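Peer 1: Pasting the sequence and the predicted coordinates here, then a few questions.
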Amino acid sequence: MIAQQYKEMLNGKSVIRQLSEFATKRGQEIGYENVFDYSLGNPSVPCPQEFTDAMIRLLQTKNPNELHGYSPSLGLPAFKEAVAKSLEKRFQIPYQQEHIYPTTGAAGALAHALRAITVAGDEVLTFAPFFPEYNPYINLTGATLKVVPANTSDFQINFQAFEEMLNKKVMAVLINTPNNPSGMVYSTATIKKLASILVEKSAEYGHSIYLLSDEPYREILFTGVDSPCVSRYYDNTLVCYSFSKSLSLPGERIGYVAVNPNCTDAATIVNMCGQISRGIGHNCPPSIIQLAAAEVLDLTSDLTVYETNMNLIYDTLVELRFDVIKPGGTFYIFPKALEEDANLFCEKAKKYDLILVPSDSFGVPGYFRMAYCIDTEKVKRSLNVLKKFVETEYPDRK
């Protein structure tokens, strides 16, 4: 008999992917340039030329066996050393290569980190709004994801609800800052308060509560935003990172777990990740990608376009009297829909070839997400369409 749980998941496919597929099909009918597709968070700017140059140079000068052979189970030392030195320089945390585990993107990092610090029956808390794939990431490990209700006033942490949900079964707290889907960035005050609670509750429960910091959007920050280094405020932090957004390399699937050197069993956790790989069929990212990324990991793509797009969209949403909080980073914005049912709102938008993602799967009904990682020229053209949609479908709105 085939695995029933995975068969049942076929009936609950990602809404984001379904909308992206609809947009692609619609684009084949009317030209994709006429479909205002805000569904999928796929970076729209090219990777740095330095990465391309590094790949070419490696292919021209290195031994093919070195480039295309298996890397060690714990990753290439050159990549791990480069990541550790970069983190130490940027955040003044004494990472060494034994604290770094290369992975296939942030998803691979979370897959390993979760299995290293939880067992079946444990609970993991996260905060709405949250990335919907956290559900399978966590629940299929045997642990259980519990979602803390959102603080919709500013999308910082709802601490009252969080403390009510903490209990001895909670072994990890998963945060995503800058956040998908809201674009919000947890402030220093928020991270300090979270760390204080976790220290207190770890002592009370007699076991460490680990903080998993999912940080693929760490480098996409907007002017003047307070964005603290989470790991500086809580020792038992495992950072899960990806170069998909910073270097615009989502298809290369390169990231890492960085275990705070002061974390309980820090070096052991990384060694455990190598063993976890044996159980989930993961054996490190490609060697050539590790080597090339090691040369450019302190660079980024030109990320300024995302702030430009954000300001254009935010100003128009405000003009149209949407309830919306200005993002502090990422390439997402998360306005409140103009009717209670966000699914119906987004379905109406499709008639105007506006592809918006309803918020139910993000844990906050009544909102919608726009992924504005598209060309600025297309953003500008979409704004008149957005205005027409609102004026036509909601003419009596006060």
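Peer 2: Cool, got the structure.
Peer 1: Low-confidence regions, the stretch 51-200 of the chain specifically.
Peer 2: Nowhere does the stretch 51-200 of the chain drop to pLDDT under 70.
Peer 1: Please enumerate the strands of it.
Peer 2: Applying DSSP state E, counting those that start in this stretch to the stretch 51-200 of the chain gives strands spanning 100-103, 123-127, 144-148, 170-176.
Peer 1: So which of these is nearest Ile289?
Peer 2: Minimum separation from Ile289 across the strands of the stretch 51-200 of the chain (CB to CB) falls at strand 100-103, 9.2 Å. Where C-beta positions appear, they are placed from N, C-alpha and C, glycine not excepted.
Peer 1: Neighbouring strands - and their directions - for that closest one?
Peer 2: Here strand 100-103 has these sheet partners by DSSP bridges: strand 255-259 (antiparallel).
Peer 1: Save the strands of the stretch 51-200 of the chain as JSON lines, and put in mean neighbour count too.
Peer 2: Formatted as JSON lines, the strands of the stretch 51-200 of the chain follow (neighbours: other CB atoms under 10 Å):
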{"stretch": "strand 100-103", "mean neighbour count": "27"}
{"stretch": "strand 123-127", "mean neighbour count": "23"}
{"stretch": "strand 144-148", "mean neighbour count": "18"}
{"stretch": "strand 170-176", "mean neighbour count": "23"}
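Peer 1: Could you dump these into JSON lines with distance to Ile288 added?
Peer 2: Below are the strands of the stretch 51-200 of the chain laid out as JSON lines (distance: least, CB to CB, whole Å):
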{"stretch": "strand 100-103", "distance to Ile288": "13"}
{"stretch": "strand 123-127", "distance to Ile288": "34"}
{"stretch": "strand 144-148", "distance to Ile288": "35"}
{"stretch": "strand 170-176", "distance to Ile288": "29"}
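Peer 1: Can you tell me which of these is nearest to Ile157?
Peer 2: Proximity of the strands of the stretch 51-200 of the chain to Ile157 was assessed by CB to CB; the nearest stretch is strand 123-127, lying at 5.7 Å.
Peer 1: for the closest one, the distance to its chain's centre please.
Peer 2: Distance of strand 123-127 from the chain centroid (CA atoms, centre = their mean, to the nearest Å) equals 15 Å.
Peer 1: Could you tell me the angle between that strand and strand 170-176?
Peer 2: Comparing the axes of strand 123-127 and strand 170-176 via axes from the mean of the first three to the mean of the last three CA atoms, to 10 degrees yields an angle of 30 degrees.
Peer 1: Extract the C-alpha set from strand 123-127 and format it as CSV.
Peer 2: Taking only C-alpha atoms (Å, rounded to 0.1, in the frame of the first residue of the first chain), the coordinates of strand 123-127 have been written out as CSV:
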residue,chain,number,x,y,z
GLU,A,123,6.0,20.7,19.9
VAL,A,124,7.4,23.6,17.8
LEU,A,125,5.9,27.0,18.1
THR,A,126,5.9,29.6,15.3
PHE,A,127,4.1,32.9,14.8
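Peer 1: i'd like the first residue to be 50 from this point on
Peer 2: Done: numbering now begins at 50, and the last item shifts to strand 172-176.
Peer 1: Quick one, grab the pLDDT at Leu261.
Peer 2: On the pLDDT scale, Leu261 is placed at 98.
Peer 1: count of residues packed around Gly323?
Peer 2: For Gly323, the count of nearby residues is 17 (other CB atoms under 10 Å).
Peer 1: Helices of the chain, start to end?
Peer 2: For the chain, helices defined by DSSP state H occupy the ranges 53-58, 64-79, 98-110, 113-117, 126-140, 154-166, 183-188, 208-214, 237-254, 315-329, 336-345, 353-368, 391-399, 425-442.
Peer 1: elements contacting the fourth one?
Peer 2: In this case it means helix 113-117. Under the contact criterion of 3 or more CB pairs under 8 Å, 6 or more residues apart in numbering; DSSP states H and E, helix 113-117 touches helix 336-345.
Peer 1: hmm, back to that, most packed of the helices of the chain?
Peer 2: Sort the helices of the chain by mean neighbour count, taking mean count of other CB atoms under 10 Å, and helix 154-166 sits at the top with a mean of 24.
Peer 1: What lies in contact with that one?
Peer 2: 150, 152, 173, 182, 186-187, 190, 192, 220-221, 223, 259, 261, 263-265, 287, 289-291, 293, 299, 302-306, 318, 321-322, 325-326, 328-329, 331, 334 (CB atoms under 8 Å, 6 or more residues apart in numbering).
Peer 1: roughly how far out does it sit from the chain middle?
Peer 2: Mean C-alpha position of helix 154-166 versus that of the full chain (CA atoms, centre = their mean) differs by 13 Å.
Peer 1: How much space separates the nearest residue to Met321 once chain neighbours are set aside from Tyr183?
Peer 2: Among residues not flanking Met321 along the chain, Ala165 sits closest, at 4.9 Å (CB to CB, 6 or more residues apart in numbering). Distance, Ala165 to Tyr183, using CB to CB, to the nearest Å: 17 Å.
Peer 1: go on, Ser276?
Peer 2: Ser276 is 21 Å from Tyr183, where distance means CB to CB.
Peer 1: now Arg164
Peer 2: Distance of Arg164 to Tyr183, given as CB to CB: 14 Å.
Peer 1: With Val373 instead?
Peer 2: Counting by CB to CB, the gap from Val373 to Tyr183 is 24 Å.
Peer 1: What of Met104?
Peer 2: Per CB to CB, Met104 is found 32 Å from Tyr183.
Peer 1: Could you do Phe383 as well?
Peer 2: Using CB to CB, we find Phe383 at a distance of 16 Å from Tyr183.
Peer 1: swap in Glu57?
Peer 2: Distance, Glu57 to Tyr183, by CB to CB: 18 Å.
Peer 1: Glu442 too?
Peer 2: Using CB to CB, Glu442 is found at 32 Å from Tyr183.
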